[in-house]
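> Just to be clear, the model below is a prediction. Sequence and coordinates:
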Amino acid sequence: MSRNIANNFVPRASLVTCIRAVSPFPLLSAQSFSMASGKSYFNANVPEIVVKSLFQKYDTDGSGRLGKQEVLTLLKDDLGLKEDQAQAQYMLMDKDGDGDMSFDELRVWLRSGQGFSNIDNSSRYYVLQKAIAEFKKYDKDGNGTIDKEEFKSLMRSLGYSDESQFDNAMRSLDTSGDGKISFTEFLAWLNWLPTN
């Protein structure tokens, strides 16, 4: 008696287990799969037209910038990340903390070779999640940056009370000089993961 596979539901976890059991090849991450299939966006030589096409596909409002939801959709739909992974990757990609991404920012990230190095590595991903939780604790208004008042709260929580030193400390963390600390500036200060 033959079974009709289309009529049988196989949960993804079971399917993955079955594939691992019979496949001589390891299962690949989204980035590894795209590289293995020769269709990688993560390449120093990715053609400009490919990046532009990807950018335009997700620039649904035609603003010339990808807003947070547009970036998250790109990361999930085209690059295969889960929601929590996409959120973490977005925080790494939004270097200036302004909440959106330009075409140039996307192109630089795709060509950087960084890809999902902090997402695919479980140890790094764990540390990244801890850093995000710490950042969000001080980003009281949830705008993606730590402003001067939020930074004072952070410094006080670390036991510093001399407010005259807060401005100097803020300037040393605020490498972009915009008066706010983005997540990537915060992560660089923590020095828990490479930030390049």
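Cool, the structure landed. Numbers count the residues shown, from 1 in each chain.

> drop to CA atoms for contacts and neighbour counts, all remaining ones
Will do.

> Look up which helix or strand residue 66 falls in, please.
Using DSSP states H and E, residue 66 sits in strand 65-67.

> Neighbouring strands of that strand in the sheet, and parallel or not?
strand 100-102 (antiparallel) (DSSP bridges).

> Need the nearest residue in space to residue 190, chain neighbours excluded.
Once flanking residues are discounted, residue 190 sits nearest to residue 131: 8.0 Å by CA to CA, 6 or more residues apart in numbering.

> My guess is residue 90 contacts residue 71. True?
Yes. Between residue 90 and residue 71 a contact is recorded at 7.0 Å, counting by CA atoms under 8 Å.

> ok, these two, which is more surrounded?
Legend: neighbour count by other CA atoms under 10 Å for residue 90 and residue 71, higher for residue 71 (25 against 19).

> residue ranges with poor pLDDT in the chain?
Residue ranges of the chain with pLDDT under 70: 1-40, 194-196.

> most centrally placed residue in it?
In the chain, the centroid-proximal residue (CA atoms, centre = their mean) is residue 89; its distance is 0.9 Å.

> Please name the residues that touch that one.
By CA atoms under 8 Å, 6 or more residues apart in numbering, residue 89 lies in contact with 116, 119.

> a helix runs through it, doesn't it?
Yes. Counting by DSSP: H, G, I helix; E, B strand; the rest coil, residue 89 falls inside a helix.

> all helices of this protein, in order?
Ranges of helices in the chain, per DSSP state H, are 12-22, 30-36, 48-58, 68-73, 83-93, 103-111, 117-120, 122-138, 148-157, 166-173, 183-190.

> and the longest one, what other elements does it pack with?
When you say that, I think you mean helix 122-138. Judged by 3 or more CA pairs under 8 Å, 6 or more residues apart in numbering; DSSP states H and E, helix 122-138 is in contact with helix 83-93, helix 117-120, helix 148-157, helix 183-190.
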